[in-house]
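Trainee: what would the 3D arrangement of this be:
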Amino acid sequence: LMHILAAAWEESFKYMSTLQARQLAHLGKERHDSSDDLTYGEVNFSSLAQILCEDLRRYGIPLQGTFYDLGSGSGRGVLVAALVGSFQRICGVEIVPELHKAS
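Mentor: All right, here's what the predicted structure looks like:
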């Protein structure tokens, strides 16, 4: 099942590579004179899926309620949470307008 979910995740981002997302983040920081405190990085499907499916459950943390992704970038983490979790609500928060729009 995980390989099917990973394929769906990859298909969702075929028009937005991590390089393109990184370029949008850089452009957004320059255009809006954002602080150097903003760091851009993307998650990959398997790493976040493992955290959500194995690591959190190992400690009895349920995958329900609301999932927040602060600094959600192009939305990759939000989509992983939607595919593997059973959250009632998923919310991505991104302050760089170019990334927010692209997601």
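Trainee: so which residue is dead centre in this structure?
Mentor: residue 77 (2.1 Å; Cα atoms, centre = their mean).
Trainee: quick check: closest non-adjacent residue to that one.
Mentor: residue 69 (4.4 Å; Cβ to Cβ, 6 or more residues apart in numbering). Backbone N, C-alpha and C define where each C-beta goes, glycine included.
Trainee: try residue 63
Mentor: Closest to residue 63 by Cβ to Cβ, 6+ apart is residue 85, at 4.0 Å.
Trainee: quick check, pLDDT for the one you found.
Mentor: On pLDDT, residue 85 comes in at 91.
Trainee: thought it was touching residue 65?
Mentor: No - look at residue 85 against residue 65 with Cβ atoms under 8 Å: they stay out of range, at 9.7 Å.
Trainee: which residues are in contact with both of the two?
Mentor: Listed as contacting both residue 85 and residue 65 by Cβ atoms under 8 Å, 6 or more residues apart in numbering is no residue at all.
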